[in-house]
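> Any chance you could fold what I've pasted below:
(2 chains)
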Amino acid sequence: MVRGDAIVNMVNERLLKSLINPELRKEGKRHDGRRRDQYRDFEVLIGVVERAQGSALVRLGKTHVLAVVHGPYEAPRHVALPDRAILNVVYRTVTYAVMKRKKPTISKRERELSRIIREALEGVVFLDRYPRSQIDVYVYVISSHGGSRTTGCTAAALALADAGIPMKDLVIGLAGGKVEGHVVVDLDDIEDKIGDADLPLMYLPNLKKLSMIQADGIFTRDELIAAVRAVVDRIEKGLYPTIRETIMRKYGSDSDVYDR
Amino acid sequence: MFTIDKITEKRVREAIKRGEHLDGRDLMEFRPIYIEKGFSPVAEGSALVRFGDVRSTKVLAGVKCEVEAPYEDSPDEGFINVMVERMPYASPFKMRELDDEDIIISRVVDRIIRSSEAIPFEELVIEVGKHVWGIYVEMDVLDDFGNVMDAAGLAAMAALMDAKMPIVRREGEEIILDDSERVPLKLLKRPVTISFYRIDGHRLVDPLFEEEHVADIRLTFGVTERGEICGIHKSGPGLFTMKEFEDLVDNAIRLSNYLRKRLERILKIAS
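Okay, here's the model as predicted:
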């Protein structure tokens, strides 16, 4: 029996466009009242899952992502590497996290994002400290409203930090993009759909390096550079201080541990 | 059921003999229960239920309402689908993605909600034989520190109570779901799930993980606010007498009021 999916049109583009308030647009603000360089409400909770070695819940507006770290533990022999640990990242969206219920089977998108996040972290974690081991990172999107891959990466890095796994730096994700011809920071689900371009970045705030970049849509050279700069600026001046404060609140003194 | 190591098992049995849980509670006492609604703002309804302050059992429940074709044997009714899954790290025993225990918990919670007639399925019809509402209640167990059964039963009800459905509009053949206005999902009853466990002849509620795996029996009841029993499930190899059973029914009805009070007193968080 054919299910009713095809004829149901939950969020059509017409409805979305009508959501954008012309008053706000005149003031140079976005549909939810944010400035173009303003990210959504940001909150970090560390150590929410007690069974796990490390865990973190990151909230960016209505996008909520839980990351959990299990390990390092001895890897099965057929996959173990003699000189370093395997980093196994599993990115999943729970069925109720999206507008239209997600089917519980693993999608291609989930496979792509598992790999994207793994590759963003592999160069940052000191995997050579744990030969023949495996570290599992589970990234569960429990509410998805735009920017789940970047928020997922932030959560994964924080869960690794919470697990006490040595890393060169944190990895913080945030997306930039282009909506109605303007460069904006942190697109939500609606802007993702009506926007012209999307640019997720994952950034190391202390080493000042990018560990992942993707783009979807058309940018001119100047727009692209402006978008990257705007996102990096928000990570360095906004997200990172908040995260640092949260970590310090849980793990003690504000002084640099390496000085002692 | 799984097996627990001998030393822990001995500790559990000694505590039960003294008439208390490993954490010092009375045998018939629950851990503190916390319910937070709106944990997943994109879902139609959601709730995080925690049993305990530290090493707490945590169940996250989300409700999605979807327009679906009805089942062929009930063209004039909507339907509900309940699924519980423990995350791979949630329990020290679990390795596979989905095991029998998850299926059992899903089935029991599903049966209790369904048979309590809490949801008026005949009102969840958009067009007879073609489109009905399907209510999906899906739960992820973040931490299993014992008694996932009752936590899941409570989480499912809390998420359903939080659920707000989009309004259906017709434009010719097309069905439009209007997200700007929402109506609460209609619930006629509030069944709760209560499980009794037995260790060395002593009965207890809300066991810790270690206790749960020493128990030889688990008897789960669904109870409505009118004191009706709307579902029973037995797990484990233990046997029980009629007298024991009658006694548990009375206790189930008594304790169900306590759990239901917790459901009413819910913290509102997130947006």
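
> Could you double-check that residue A:209 lies in contact with residue A:203?
Yes - using Cβ atoms under 8 Å, residue A:209 is in contact with residue A:203, at 7.4 Å. For the C-beta atoms, the positions are set from N, CA and C on the backbone; glycine is no exception.

> Those two: which has the busier surroundings?
It is residue A:203, of residue A:209 and residue A:203, that has more neighbours when counted by other Cβ atoms under 10 Å in any protein chain shown, with 29 against 13.

> what residues are up against the closest residue to that one other than its chain neighbours?
Excluding the flanking residues, the one nearest residue A:203 by Cβ to Cβ, 6 or more residues apart in numbering or on different chains is residue A:235, at 5.0 Å. Shown in contact with residue A:235 (Cβ atoms under 8 Å, 6 or more residues apart in numbering or on different chains): A:172, A:174, A:201, A:203, A:205.

> One more: residue B:82?
Taking Cβ under 8 Å, 6+ apart as the definition, contacts of residue B:82 comprise B:106, B:107, B:109, B:110, B:113, B:137, B:138, B:139, B:156.

> what about the helices in the stretch 51-200 of chain A?
For the stretch 51-200 of chain A, applying DSSP state H, counting those that start in this stretch gives helices covering A:108-122, A:148-162, A:189-194.

> how about these, which one is nearest residue A:30?
Among these, helix A:189-194 comes nearest to residue A:30, with 7.0 Å by Cβ to Cβ.

> Return the residues in contact with the residue of chain A found nearest chain B.
Nearest to chain B, among the residues of chain A, is residue A:96, at 2.8 Å (Cβ to the nearest Cβ). By Cβ under 8 Å, 6+ apart, the residues touching residue A:96 are A:102, B:40, B:42, B:43, B:44, B:46, B:62, B:63, B:64, B:136, B:138.

> for residue A:92, same thing?
A:106, A:110, A:138, A:139, A:140, A:141.

> ok, now with 10 Å
A:102, A:104, A:106-107, A:110, A:113-114, A:138-142, A:152, B:87, B:140 (Cβ atoms under 10 Å, 6 or more residues apart in numbering or on different chains).

> In ChimeraX, select just the buried ones from those residues.
In ChimeraX, a selection of the buried entries from those looks like this (16 or more other Cβ atoms under 10 Å in any protein chain shown):
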select /A:102,104,110,113,114,138,139,140,141,142,152 /B:87,140
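
> Of the contacts of residue A:92, which belong to strands?
Mapping the contacts of residue A:92 onto strands (DSSP state E) picks out A:138, A:139, A:140, A:141, A:142, B:140.

> what do residue A:209 and residue A:203 both touch?
A:169, A:171.

> What ranges in the stretch 1-150 of chain B fall below the confidence cut-off?
Flagging of the stretch 1-150 of chain B using pLDDT under 70 yields the residue ranges B:1-3, B:94-98.

> in it, what residue is nearest chain A?
residue B:62 (2.8 Å).

> okay, who's weakest in the contacts of residue A:92 by pLDDT?
Of all those, residue B:87 carries the smallest pLDDT score, 87.

> Stretch B:24-39: end-to-end distance?
31 Å (Cα to Cα, to the nearest Å).

> Repeat that for stretch B:199-207.
Terminal-residue distance, stretch B:199-207 (Cα to Cα): 10 Å.

> Also stretch B:156-171?
Using Cα to Cα, the distance between the terminal residues of stretch B:156-171 is 34 Å.

> now do stretch B:70-86
Start-to-end, stretch B:70-86 (Cα to Cα) is 29 Å.

> re earlier: tell me which of the contacts of residue A:96 is nearest to residue A:158?
After measuring these against residue A:158 - Cβ to Cβ - the closest member comes out as residue B:40, at 19.3 Å.

> pretty sure the closest one is touching residue B:60, no?
Yes - at 7.3 Å, residue B:40 counts as touching residue B:60 under the criterion of Cβ atoms under 10 Å.

> what sits in contact with each of the two?
A:94, A:96, A:142, B:46, B:47, B:48, B:140, B:159.

> from the residues you listed, which ones fall inside strands?
Going by DSSP E, the strands hold A:142, B:46, B:47, B:48, B:140 from the shared contacts of residue B:40 and residue B:60.

> can you redo those as JSON lines with distance to residue A:32?
Below are these laid out as JSON lines (distance: Cβ to Cβ, whole Å):
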{"residue": "A:142", "distance to residue A:32": "21"}
{"residue": "B:46", "distance to residue A:32": "21"}
{"residue": "B:47", "distance to residue A:32": "25"}
{"residue": "B:48", "distance to residue A:32": "25"}
{"residue": "B:140", "distance to residue A:32": "28"}
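
> Let me know the closest of the residues you listed to residue B:208.
The closest of those, once distances to residue B:208 are taken by Cβ to Cβ, is residue B:48, at 19.6 Å.

> give the contact list for residue A:179.
A:20, A:30-31, A:36, A:187, A:190-192, A:194-198.

> any chance of these in TSV, with neighbour count too?
Formatted as TSV, the contacts of residue A:179 follow (neighbours: other Cβ atoms under 10 Å in any protein chain shown):
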residue	neighbour count
A:20	17
A:30	24
A:31	18
A:36	14
A:187	25
A:190	20
A:191	25
A:192	16
A:194	15
A:195	19
A:196	16
A:197	19
A:198	20
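
> buried residues in stretch A:153-170?
A:153-163, A:165, A:169-170.

> Need phi/psi at residue 144.
Picking chain A for this. Phi and psi for residue A:144, reported as degrees, to the nearest 10, are phi -120, psi 120.

> Chain B was what I was after
Per degrees, to the nearest 10, the backbone of residue B:144 is at phi -110, psi 100.

> so the nearest residue to it once chain neighbours are set aside, which of the three states?
Among residues not flanking residue B:144 along the chain, residue B:91 sits closest, at 4.0 Å (Cβ to Cβ, 6+ apart). Here residue B:91 takes the coil state, with states given by DSSP: H, G, I helix; E, B strand; the rest coil.

> residues from the stretch 101-250 of chain B in reach of chain A?
B:126-127, B:130-132, B:134, B:136-145, B:159, B:166, B:168, B:171, B:173-180, B:209 (Cβ under 10 Å from any Cβ of the partner chain).

> Quick one: buried ones out of the residues you listed?
If we count by 16+ other Cβ under 10 Å, those have these buried: B:126, B:131-132, B:134, B:136-145, B:159, B:166, B:175-177, B:209.

> Residue A:149 is in contact with residue A:89, isn't it?
No - assessed by Cβ under 10 Å, residue A:149 is found out of contact with residue A:89, at 11.4 Å.

> shared neighbours, the two?
A:113, A:116, A:117, A:120, A:139.
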